[in-house]
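**Student:** my questions are about this predicted structure, shown below with the sequence.
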Amino acid sequence: MFKAIIFDVDGVLVDSMQFHADAWIAAFRDVGITIKREDIYEIEGSNGWGIVRSIFKKEGKIPEPHHLEEIPLKKRTILDFERIKPFEGIVDVLQDLKKNFTLALVSGSDRKIVEKMIEHFFPGIFEVTVAGIDVENGKPAPDPYLKAVEMLGFEKEECIVIENAPMGVEAAKAAGLYCVAVPSTLGPEKLQHSDLVLENHPALLRYLKNLTPS
């Protein structure tokens, strides 16, 4: 049935969301906006422009054009990359999956961060990568996943998405894709629009190990 697996990155492959959230908190503090980790978790998956617009909207403000560039850049410089690690067992599973599936990444993160993660943790594993900058409309719009499907060259029904965030699930379903979700920052009740919600990452590893190509 499936020929390609499309993975979100943060919160799915790498345990990173608290560090992303803390970097966003510091970046927004510089422009006088105070937020909590949960504010970022709720909009996880959106690209940098989308996060800035969402946080400003929540504050009843409209960002200036320079905010859309400067705040994500500031966030990237603050991010404590050295504390980010892949979830236990995920690299071995990806290497096994690559033998039978085409693997792709779709992330709302900055391309430089995504490329750094690939270089450090997943070299030679993914054939397609879509980062936040690659589409104007990030998650929850379907655009990032539609772009990945186009780059993969498969039919939608031949692709499966692995997500962990409500906006990511919404984007995958809007793109017409089968979506499996694993909670890592928010509770499973936030992911109910997916086709399947797994309990945790050990359950995700078991699910992936049991996938068979068509």
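**Tutor:** Yep, it's here.
**Student:** which residue ranges form the helices in this protein?
**Tutor:** Applying DSSP state H to the chain gives helices spanning 17-29, 37-42, 48-58, 65-78, 90-97, 111-121, 143-152, 166-174, 201-209.
**Student:** what about the closest residue to residue 177 other than its chain neighbours, distance to residue 85?
**Tutor:** Leaving out its chain neighbours, the residue that sits closest to residue 177 by C-beta to C-beta, 6 or more residues apart in numbering is residue 161, at 5.0 Å. For the C-beta atoms, the positions are set from N, CA and C on the backbone; glycine is no exception. Applying C-beta to C-beta, to the nearest Å, the value for residue 161 to residue 85 is 23 Å.
**Student:** so for the two, which sits in the more crowded spot?
**Tutor:** Taking other C-beta atoms under 10 Å, residue 161 and residue 85 do not tie; residue 161 has more neighbours (28 against 12).
**Student:** give the contact list for the more buried one.
**Tutor:** Residues near residue 161 by C-beta atoms under 8 Å, 6 or more residues apart in numbering: 6, 7, 8, 106, 145, 168, 172, 177, 178, 179, 180.
**Student:** if you set the cut-off to 7 Å instead, what comes out?
**Tutor:** Contacts for residue 161 (C-beta atoms under 7 Å, 6 or more residues apart in numbering) come out as 6, 145, 172, 177, 178, 179.
**Student:** can you tell me who the fifth one pairs with across the strands?
**Tutor:** Translated: residue 178. residue 160 (DSSP bridges).
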